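Sharing a model prediction with you, sequence too.
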Amino acid sequence: MTQEKHRFESGFPKIGIRPTIDGRRKGVRESLEEQTMNMAKSVAALIGEHLRYPNGEPVECVIADSCIGGVAEAAACAEKFSRERVGVSITVTPCWCYGTETMDMDPSIPKAVWGFNGTERPGAVYLAAVLSGYAQKGLPAFGIYGEEVQDSGDTSIPEDVKGKLLGFAKAGLVVAYMRGKSYLSMGSVSMGIAGSIVNDAFFQEYLGMRTEYVDMSEFVRRFEEQIYDGEEFARALAWVKENCPEGADNNPAQIQTSREQKDKDWETVVKMTMIARDLMVGNPRLAELGFGEEAMGHNAIVSGFQGQRQWTDHFPNGDFMETLLNSSFDWNGIRAPYTVATENDSLNGVAMLFGNLLTNTAQIFADVRTYWSPDSVERVTGHKLEGHAAGGILHLINSGSATLDGTGEQQLDGKPALKPHWEISEQEADACLKATSWRPASVEYFRGGGYSSDYLTRGGMPMTMSRINLVKGIGPVLQIAEGYSVDLPEGVHDVLDKRTDPTWPTTWFAPILTGSGAFRSVYEVMDQWGANHGSISYGHIGADLITLASMLRIPVNMHNVAEEKLFRPRAWGLFGTSNAESADYRACDNFGPLYK
Ligand SMILES: C[C@H](O)[C@@H](O)[C@@H](O)C(=O)CO
Ligand SMILES: [Mn+2]
């Protein structure tokens with residue numbers, strides 16, 4: 001079995017659909033069986049058509065064997081769901097049913113109810129009744145109620161209902177997929193960065209995940225004892241020589257490393273990449289080579305590499321490894337990204353994981369380095385910022401981890417984009433590689449050398465920056481800024497970039513301003529950012545992140561998503577309806593983490 005196949009071998013959680021029905025026989029139930037089951041079938045078809053697993057295959061749904069008219073059928077459905085590895089449930093009904101007798105009682109499964117908006121039968125009355133039951137029992141559930149009345153024979157799903165079903169299902173699958181997986185901490189705390197204090201209670205209670213820890217000396221052991229696939233290494237190194245052009249050395253001449261050392265560094269960073277991947281997900285080839293234990297991996301869906309400083313003071317830095325793993329392609333071809341956080345910033349790693357699992361696209365990890373006001377840009381370059389950038393821009397730049405997909409060299413409808421791996425063509429992967437040069441690391445920072453990807457993200461892409469922060473007394477909170485990547489005139493970029501480390505990849509980002517709170521100004525967004533890092537995802541995914549956060553009971557402390565797009569469990573409204581932010585904090589606190 002190939003390493004790629006092995007990675008997703010354990011499969012994926014499914015979505016369970018529960019058609020509930022009025023239990024009264026001799027007329028009522030019989031007249032509703034077909035319509036109710038058809039609703040379930042059309043939801044399954046909708047999901048199968050629109051949603052995909054990380055390997056690109058369509059999401060699978062399981063429908064209860066019968067309509068659920070009472071508790072015996074509810075229990076039979078629950079048994080089927082647990083056999084079939086259902087991780088998310090959607091209840092559908094066109095009619096009145098018996099609320100607490102038909103509900104899904106599994107507290108760890110995200111749940112939604114679609115109550116058909118028709119008036120021949122009271123589907124919406126059931127919806128309201130069962131949602132009150134869920135609130136009363138402390139099991140937050142999402143309510144889906146179409147805005148327009150449908151005729152009783154109408155088997156179509158209205159657009160607003162489709163949007164909510166898919167939004168719910170997408171976020172629910174992320175919850176289900178994370179459960180039981182690991183964060184792999186390679187090394188420990190990098191230069192006192194709090195996000196790299198990998199907090200097991202957060203991962204365990206909020207995400208249902210394990211935290212695994214390996215010392216960076218494990219890389220040295222695997223180098224020296226050759227615990228990697230030698231055949232793959234030779235192939236990888238040849239591919240790297242062909243596809244990863246080395247850029248100019250920016251170090252002062254007297255501290256530049258020799259050609260011989262540079263070539264050795266290339267070999268080391270390629271080995272590091274394979275080893276980090278094998279540590280994360282295992283590799284069946286290692287078992288064939290006699291390393292059965294190492295072949296298993298750590299069941300990690302996200303990891304972080306400390307790097308600085310104990311590793312980087314002596315060995316090449318992790319930039320190549322992090323960037324390649326976070327990209328959608330390498331010497332093995334086009335494949336799903338492996339999410340790796342620089343500086344072992346696990347909290348940024350989780351934001352990357354959320355973005356990746358919601359969209360199946362690669363994520364950009366970056367330092368949130370500089371707010372450039374329109375006046376400062378004009379003073380330094382003479383250029384007046386305009387368009388999306390008119391209110392100022394954030395310079396997102398970091399040595400490692402920024403995916404090569406972040407070049408923006410893939411296309412959607414003729415515009416720059418980051419796409420799920422199965423939509424990326426060979427030419428697009430190639431264009432990302434061609435837009436990148438690999439600059440020898442700044443040796444004053446990285447005494448052990450290494451290579452950083454140097455590229456400039458194409459402008460005009462809708463992007464969402466997010467970040468998890470931990471607050472003692474509250475727990476995790478999520479922050480979100482939707483905005484656009486920005487193109488600057490070439491000379492202007494160069495002037496600003498040269499003030500930083502020009503060997504690192506840059507994304508110029510303009511958040512969308514709303515005129516209030518943290519989105520009064522770009523300065524305010526920078527000033528309110530909770531830490532040194534952000535994770536940047538293609539597209540405006542703020543609403544999906546907010547839905548996901550509510551499932552995990554992570555309150556959102558700042559976002560610029562329009563109020564009408566917010567979709568949270570119905571019980572959130574019971575904490576107040578005119579200040580959604582405050583209600584969110586109190587609801588999350590009240591219900592507590594999903595796995596406590
Ligand atoms: C090279 C430096 O140590 C950088 O890596 C540092 O500024 C950071 O990235 C901090 O987040
Ligand atoms: Mn950093």
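Looks like it came in fine. Ligands and ions are numbered 1, 2, ... in the order given.

For the stretch 201-350 of the chain, which residues are neighbours of ligand 1?
Gln308, Glu343 (CB under 6 Å from any ligand atom). Where C-beta positions appear, they are placed from N, C-alpha and C, glycine not excepted.

where exactly do the helices run in the stretch 201-350 of the chain?
Using DSSP state H, counting those that start in this stretch, the helices of the stretch 201-350 of the chain run over 217-224, 230-243, 259-281, 284-288, 319-326, 346-359.

To Leu46, which of those helices lies closest?
With CB to CB as the criterion, Leu46 lies closest to helix 346-359 of these, at 17.6 Å.

After the closest one, which helix or strand is next?
Next in sequence after helix 346-359, counting helices and strands by DSSP states H and E, comes strand 364-372.

How about Ser132, nearest residue that isn't a chain neighbour?
Gly99 (7.5 Å; CB to CB, 6 or more residues apart in numbering).

and that neighbour, how many residues sit next to it?
Residues near Gly99, counting by other CB atoms under 10 Å, number 19.

Give me the distance from the helix or strand encompassing Ile90 to the chain's centre.
Counting by DSSP H and E, the element that carries Ile90 is strand 86-93. Put simply, strand 86-93 sits 23 Å off its chain's centre (CA atoms, centre = their mean, to the nearest Å).

Stretch 383-398 too?
Per CA atoms, centre = their mean, the centroid offset for stretch 383-398 relative to its chain is 25 Å.

buried set for it?
His383, Leu385, His388, Ala389, Gly391, Gly392, Ile393, Leu394, His395, Leu396, Ile397, Asn398 (16 or more other CB atoms under 10 Å).

can you tell me how far the third one sits from Ile512?
This means His388. His388 is 8 Å from Ile512, where distance means CB to CB, to the nearest Å.

which residues are common contacts for these two?
By CB atoms under 8 Å, 6 or more residues apart in numbering, His388 and Ile512 have these common neighbours: Gly483, Tyr484.

Contacts only, for the closest residue to ligand 2 within the stretch 201-350 of the chain.
Residue nearest to ligand 2 within the stretch 201-350 of the chain: Glu343 (5.0 Å; CB to the ion). Residues in contact with Glu343 (CB under 8 Å, 6+ apart) are Ser190, Met191, Ile193, Gly195, Ser196, Gly304, Phe305, Gln306, Gly307, Gln308, Gly400, His533.

Filter those down to the buried ones and express that as a ChimeraX selection.
The command below creates a ChimeraX selection of those among the contacts of Glu343 that count as buried (16+ other CB under 10 Å):
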select :190,193,195,196,304,305,306,307,308,400,533
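
per-residue pLDDT, the residue nearest to Ser132?
Among the per-residue scores, Gly99 holds a pLDDT of 96.

what sits against it?
With CB under 8 Å, 6+ apart, Gly99 has these contacts: Tyr126, Ala129, Val130, Ser132, Gly133.

SS state for the last one?
It refers to Gly133. Using DSSP: H, G, I helix; E, B strand; the rest coil, the structure places Gly133 in helix.

and the closest residue to ligand 1 within the stretch 351-500 of the chain, how many residues sit next to it?
Closest residue of the stretch 351-500 of the chain to ligand 1, CB to the nearest ligand atom: Tyr445 (4.0 Å). A count of nearby residues for Tyr445, using other CB under 10 Å, gives 13.

what's the spacing between it and ligand 2?
Taking CB to the ion, to the nearest Å as the measure, Tyr445 falls 11 Å from ligand 2.

For that residue, give me its contacts.
By CB under 8 Å, 6+ apart, the contact set of Tyr445 is Gln308, Thr312, Ser399.

just Tyr134 next, same as before
Going by CB under 8 Å, 6+ apart, Tyr134 touches Met103, Lys111, Pro140, Ala141, Pro569, Arg570, Ala571.

any idea which of those residues is closest to Thr370?
Nearest to Thr370 among the contacts of Tyr134: Pro569, at 38.5 Å, using CB to CB.

confidence score at that closest one?
Per-residue confidence at Pro569 stands at 98 (pLDDT).

Can I get stretch 295-303 as CSV, trimmed to CA atoms?
Only the C-alpha atoms of stretch 295-303 are listed here, as CSV (Å, rounded to 0.1, in the frame of the first residue of the first chain):
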residue,chain,number,x,y,z
ALA,A,295,5.6,2.6,10.4
MET,A,296,2.6,3.3,12.6
GLY,A,297,2.9,7.1,13.0
HIS,A,298,0.9,9.1,15.6
ASN,A,299,-2.5,9.3,14.0
ALA,A,300,-1.9,13.1,13.6
ILE,A,301,-4.1,15.3,11.5
VAL,A,302,-2.1,18.4,12.5
SER,A,303,1.3,18.9,14.0
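
Quick check: the residue of the stretch 101-250 of the chain nearest ligand 2.
Closest point on the stretch 101-250 of the chain to ligand 2, by CB to the ion, is Ile193, at 7.3 Å.

ok, then the element right after the helix-or-strand element of the chain with minimal mean pLDDT?
Least confident helix or strand, the chain: helix 3-7 with a mean of 81, by mean pLDDT, DSSP states H and E. Toward the C-terminal end, the helix or strand that comes next after helix 3-7 (DSSP H and E) is strand 14-19.

So which elements touch that following strand?
Using 3 or more CB pairs under 8 Å, 6 or more residues apart in numbering; DSSP states H and E as the contact test, the elements touching strand 14-19 are helix 28-50, strand 61-63, helix 71-83, strand 86-93, helix 159-178.

what would the ones you listed look like in TSV with mean neighbour count, distance to Ser425 and mean pLDDT?
Formatted as TSV, those follow (neighbours: other CB atoms under 10 Å; distance: least, CB to CB, whole Å; pLDDT from 0 to 100):
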stretch	mean neighbour count	distance to Ser425	mean pLDDT
helix 28-50	17	22	97
strand 61-63	20	30	98
helix 71-83	16	38	98
strand 86-93	27	32	98
helix 159-178	21	25	98
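
related to what we said a few turns ago, was I right to think the residue of the stretch 101-250 of the chain closest to ligand 2 contacts Asn348?
No. Counting by CB atoms under 8 Å, Ile193 does not reach Asn348; the two are 9.4 Å apart.

domain ranges for this protein?
Following automatic domain parsing, the chain resolves into domains at 3-178, 182-591.

Could you check how far Tyr585 is from Met1?
Computed with CB to CB, the distance linking Tyr585 and Met1 is 47 Å.

Tell me which of those two has more neighbours.
Taking neighbours as other CB under 10 Å, Tyr585 and Met1 compare with Tyr585 leading, 16 against 10.

So the more buried one sits against Pro555, correct?
Yes. Tyr585 lies in contact with Pro555 (CB under 8 Å); the separation is 4.5 Å.

shared neighbours of the two, which are they?
Counting by CB under 8 Å, 6+ apart, the contacts common to Tyr585 and Pro555 are Ile474.

What lies in contact with stretch 562-582?
Looking at what lies outside stretch 562-582 - CB under 8 Å, 6+ apart - the contacts are 131, 134-135, 140-143, 164, 167-168, 542-543, 546-547, 550-551, 556-557, 583-584, 586-587, 590-591.
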